[in-house]
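Asker: Give me a model of this one.
(2 chains)
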Amino acid sequence: MKKSPRIWPALAAPGASWLLTLFGIPFYAVACVAFGTIDPIFRDAVPQWNPLSWNFGQAHDVLTSVLSGPLQGVFLRTITYVIAAMILSFAIGFPVAYFLARHAGKRKLLLLTLVIVPFWVNYLMRMLAWVNLLSSEGLFTRFMGIFDVHYNWLDGSPITVVLGLVYGYVPFLILPMYATLERLDWRLVEAARDLGANSRQAFRLVTIPMAQAGMAAAAILIALPMFGDYYTNDLLSRSPRTEMLGNQIDFYVNNSQQPQRGAVLVLILSALLLVALSWYLRSTSRYAKERVK
Amino acid sequence: MTKLHLMLRRDFLRNLVITTGGLVVAPSLLSACGTSASSTGELVIGTPTNPTKLPSNGEAIADGLTEEKGTLEILNWADYTNPEVIADFEKLFGVTVKTSIYDTEESAIAKLRNGTFKPDLVIGLTDTVLARLSAAKLLQPINKSYIPHFSNLIDGLQNPYYDVDSQFTVANVIYANGIAYRTDRIDGSTFTSGNGYDAMWDAAHKGKLAVLDSYRDTISLAMFQAGLNDVNTSDADVLAAAKENLIRLRDATNPKVDIISYQELPAGNRDIAYTWSGDVLTALGYLPDGTSPETLGFWYPDQTITANDFYCIPKESKAPVLAHKFIDYILDTDVALKNQSYVGYQPALSTITVDNLLANGTIPESLKDSLVTPVKYASGQRLVSLSPDADALWLDVWATFTAG
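Answerer: Residues are numbered from 1 along each chain as shown, chains lettered A, B, ... in the order given. Below you'll find the predicted structure:
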């Protein structure tokens, strides 16, 4: 019996409903807050549900600030920190995933568990632990003192914030990278070696292209939360010199009387992330087509 | 004991709210300015120069009633009342006290507004939200016949400007803004020779200095340093000058902007911090073992901000008599001292003086200036609510400063 082609869209219905309920509607609510008004008595957001009545005054102000005002620096800094943290995360996480996938042998599961176990501890607790370790009398600071490295890690240093982001998110890179590398057809690498490629060439010309989709997924997976992260900076720096976009959103939503501005920033950030996500979708789609060929 | 939530509260205390002092602003007026009204009522906000009697909201409970039995539900900041004080109260009245926590004043108002949670007593709100509570008719009048210890309050707070005759509120703690510092790293005479505020702009403290993560307080610091004293200004030029001053501070010292100096100063991670006086009293509890309390110092500027919070009883309280009794109980000098030993912040009682706190060893000599006397309280500047337009100007200054 031939099944109706309608069955396939129907199968997508639960997922689509899920997305609509838990993403579409909340996202629309954020837009309604961003383009809504403020309760004159209680100073909380009054969402404007009718798009025809949206007020773009606050959005204009925030966008101006992002393009040429004080928020411009925050945006550029956030992008810089996230890119730096992503590069470092790959530098640390890729070799770990590669080792686990190719050379861990029977100990693979054990080592994978050991990589993941520390991250069962709550993110906040781990960051608070680092605050203690990095304080002037902290163990890490004293340990580095042995090597005559005297650095005030907690004086609002960008390095500390970037390292904090790396520490916080690197396992989320290792896992998808491991999953990708473990499923690679390593016979292709062996074939490349047989055909005269040295190990570097095989890695660059075979392994990396095959792992590209996984790398893109891992990059997206850690970049998205990093862009909205505010507590890493809150705990490890709290200096205006390291202010990130998430901190500004937190301020406007939780501690100011202008929650609309926070909502506008959320929309701008979402637009930025949409660009990154589009790149990911295009690159995975291209990769899939190449594989089919 | 963590004071993080307490400090978060302190942060929020000063993220002030709505309109200009001493004015009555109807929603319709604000609507005409481009906002749509979704609440009813009007805001009545008192200022020191224009004290306000809040609109009535029904009658207070009658005199001479017997307190309710069962449970007293309190809505409070985390760690803001000594558990031993609560246990003593439970024992004395044969009741159970159940405490629910709020972490911002906004969330407390939301809980009171939605009507699903009906606490009998709220502790720690400030005058900045009082106008809203009053407009929404969420509070019941206080019957002072149940609170004989009311007379222990300092004079200025028996009849506060934000609630003339203390119709709906009873003051709790008082505090002032000032500079806390490590006496082993900074000479106290720094603050008394010349403009003491200059110390916050001293590049020698780079990386070891903090300001409050509270835009009203920290922008006011920049104003005080420049000799400007109107901490409720809506003058764009004054705020522009404050902004330049803050940028100068930022460039010179790379300050931390947070509310945890009560931990970081005793831990030795900071030399100096602009903070609330109650924080430095709290900081005593965070000093490492073997560190002298004299390690901490506090400079109380002549020109600064003073503030307080209060107790209030919701209109929907199911145990209003018991709530009154609790307020009276905690206004007793001995009980208040016991509470302070846990909370840190200074009770707003005239019976608790610098001399008796020094005498009983509650505070060290180096911190005696952190205490707010009635005279100091009266002479301090008050942060009052701003109009939305003025608030936007202040937020622009803050955004520029915090954006680095």
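Asker: With the flanking residues excluded, which residue is spatially nearest to residue 230?
Answerer: All of this is about chain A. Spatially, and ignoring its direct neighbours in sequence, residue A:230 is nearest to residue A:246 (3.2 Å; Cβ to Cβ, 6 or more residues apart in numbering or on different chains). C-betas here are computed from N, CA, C, even on glycine.
Asker: try chain B instead
Answerer: Residue B:230 sits nearest to residue B:238 (Cβ to Cβ, 6+ apart), 6.9 Å away.
Asker: next one: residue B:83
Answerer: residue B:342 (7.6 Å).
Asker: Please apply the same query to residue B:369.
Answerer: Using Cβ to Cβ, 6+ apart, the closest residue to residue B:369 is residue B:300 (4.3 Å).
Asker: right, and the one you found touches residue B:175 too?
Answerer: No. Contact status for residue B:300 versus residue B:175: not in contact, 10.8 Å apart, counting by Cβ atoms under 8 Å.
Asker: Report the residue spans of the chain with pLDDT below the cut-off.
Answerer: As the question left the chain open, I've gone with chain A. Across chain A, the ranges flagged by pLDDT under 70 are A:1-4, A:291-293.
Asker: nope, chain B
Answerer: Residues of chain B that meet the cut-off, pLDDT under 70, sit at B:1-42.
Asker: so which residue of it comes closest to chain A?
Answerer: Nearest residue of chain B to chain A: residue B:207, at 3.1 Å (Cβ to the nearest Cβ).
Asker: doesn't that residue fall inside a helix?
Answerer: No. Going by DSSP: H, G, I helix; E, B strand; the rest coil, the assignment for residue B:207 is coil, not a helix.
Asker: which residue sits closest to it, ignoring its sequence neighbours?
Answerer: With Cβ to Cβ, 6+ apart, the residue lying closest to residue B:207 is residue A:155, at 3.1 Å.
Asker: Pretty sure the one you found sits in a strand.
Answerer: No. Under three-state DSSP, residue A:155 sits outside any strand and is assigned coil.
Asker: and it, what does it touch?
Answerer: A:239, B:206, B:207, B:208, B:254 (Cβ atoms under 8 Å, 6 or more residues apart in numbering or on different chains).
Asker: Enumerate the residues of the stretch 201-350 of chain B near chain A.
Answerer: Residues of the stretch 201-350 of chain B lying close to chain A by Cβ under 8 Å from any Cβ of the partner chain are B:206-208, B:213, B:215, B:250, B:254-258, B:267-269.
Asker: separation between residue B:278 and residue B:367?
Answerer: 11 Å (Cβ to Cβ, to the nearest Å).
Asker: and if you look at residue B:51?
Answerer: Taking Cβ to Cβ, one finds residue B:51 at 32 Å from residue B:367.
Asker: Tell me which of the two has more neighbours.
Answerer: Neighbour totals were compared for residue B:51 and residue B:367, and residue B:367 leads with 24 against 15 (other Cβ atoms under 10 Å in any protein chain shown).
Asker: what's the closest non-adjacent residue to that one?
Answerer: residue B:298 (5.4 Å).
Asker: Can you name the residues bridging to the one you found?
Answerer: residue B:180 (DSSP bridges).
Asker: what about it, neighbour count?
Answerer: 25.
Asker: Dead centre of the chain: give me the residue that sits there.
Answerer: Let's take chain A. residue A:223 (2.3 Å; Cα atoms, centre = their mean).
Asker: Correction: the question concerned chain B.
Answerer: residue B:308 (4.6 Å).
Asker: I'd say that one and residue B:169 touch.
Answerer: No. The criterion here is Cβ under 8 Å, and residue B:308 misses it with residue B:169 at 9.7 Å.
Asker: anything in contact with each of the two?
Answerer: residue B:160.
Asker: Stretch B:372-390: how far from the chain's middle?
Answerer: Centroid separation for stretch B:372-390 versus its chain: 11 Å, with Cα atoms, centre = their mean, to the nearest Å.
Asker: ok, now stretch A:230-246?
Answerer: That offset, for stretch A:230-246, works out to 16 Å (Cα atoms, centre = their mean).
Asker: before we move on, what about stretch B:394-404?
Answerer: So, by Cα atoms, centre = their mean, the centroid of stretch B:394-404 is 23 Å from its chain's centroid.
Asker: how about the CA coordinates for that stretch, as CSV?
Answerer: What follows is stretch B:394-404, C-alpha atoms only, in CSV (Å, rounded to 0.1, in the frame of the first residue of the first chain):
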residue,chain,number,x,y,z
TRP,B,394,21.0,58.7,34.2
LEU,B,395,20.9,55.3,32.5
ASP,B,396,22.8,56.8,29.5
VAL,B,397,25.5,57.9,31.8
TRP,B,398,25.6,54.4,33.3
ALA,B,399,25.6,52.7,30.0
THR,B,400,28.6,54.8,28.8
PHE,B,401,30.5,54.0,32.1
THR,B,402,29.8,50.3,32.2
ALA,B,403,30.4,49.8,28.5
GLY,B,404,34.1,50.4,29.1
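Asker: The residue nearest to residue B:83: neighbour count?
Answerer: Using other Cβ under 10 Å: residue B:342 sits among 18 other residues.
Asker: try residue B:222
Answerer: Neighbours around residue B:222, by other Cβ under 10 Å: 26.
Asker: element containing residue A:174, please.
Answerer: helix A:158-182 (DSSP states H and E).
Asker: That helix - contacts with which helices or strands?
Answerer: helix A:70-102, helix A:108-116, helix A:123-134, helix A:208-228, helix A:231-236 (3 or more Cβ pairs under 8 Å, 6 or more residues apart in numbering or on different chains; DSSP states H and E).
Asker: For the fourth one, which residues meet the burial criterion?
Answerer: This points to helix A:208-228. A:210-224, A:226-228 (16 or more other Cβ atoms under 10 Å in any protein chain shown).
Asker: from what I can see residue B:55 touches residue B:44, true?
Answerer: Yes. Residue B:55 is within contact range of residue B:44, at 6.3 Å (criterion: Cβ under 8 Å).
Asker: Whether stretch B:91-109 contacts chain A - can you check?
Answerer: Yes. Using Cβ under 8 Å from any Cβ, stretch B:91-109 reaches chain A at B:104, B:106, B:109.
Asker: how long is that stretch end to end?
Answerer: Start-to-end span of stretch B:91-109 (Cα to Cα, to the nearest Å) is 30 Å.
Asker: That stretch: how far from the chain's middle?
Answerer: 18 Å.
Asker: How about stretch A:70-84?
Answerer: The answer for stretch A:70-84 is 14 Å, by Cα atoms, centre = their mean.
Asker: Can you tell me what sits against it?
Answerer: Under Cβ under 8 Å, 6+ apart, the answer for stretch A:70-84 is A:62, A:65-66, A:158, A:161-162, A:165, A:223, A:226-227, A:242-248, A:265, B:396, B:399-400, B:403-404.
Asker: pull the CA atoms of that stretch into PDB?
Answerer: C-alpha atoms of stretch A:70-84 as PDB (Å, rounded to 0.1, in the frame of the first residue of the first chain):
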ATOM      1  CA  PRO A  70      28.600  53.300  24.000                       C
ATOM      2  CA  LEU A  71      27.100  49.900  23.100                       C
ATOM      3  CA  GLN A  72      29.300  49.700  20.000                       C
ATOM      4  CA  GLY A  73      32.300  48.800  22.200                       C
ATOM      5  CA  VAL A  74      30.300  46.200  24.100                       C
ATOM      6  CA  PHE A  75      29.300  44.500  20.900                       C
ATOM      7  CA  LEU A  76      32.700  44.500  19.400                       C
ATOM      8  CA  ARG A  77      34.200  43.300  22.700                       C
ATOM      9  CA  THR A  78      31.600  40.500  23.000                       C
ATOM     10  CA  ILE A  79      32.400  39.300  19.400                       C
ATOM     11  CA  THR A  80      36.100  39.400  20.100                       C
ATOM     12  CA  TYR A  81      35.900  37.500  23.300                       C
ATOM     13  CA  VAL A  82      33.600  34.800  21.800                       C
ATOM     14  CA  ILE A  83      35.900  34.400  18.800                       C
ATOM     15  CA  ALA A  84      39.000  34.200  21.000                       C
END
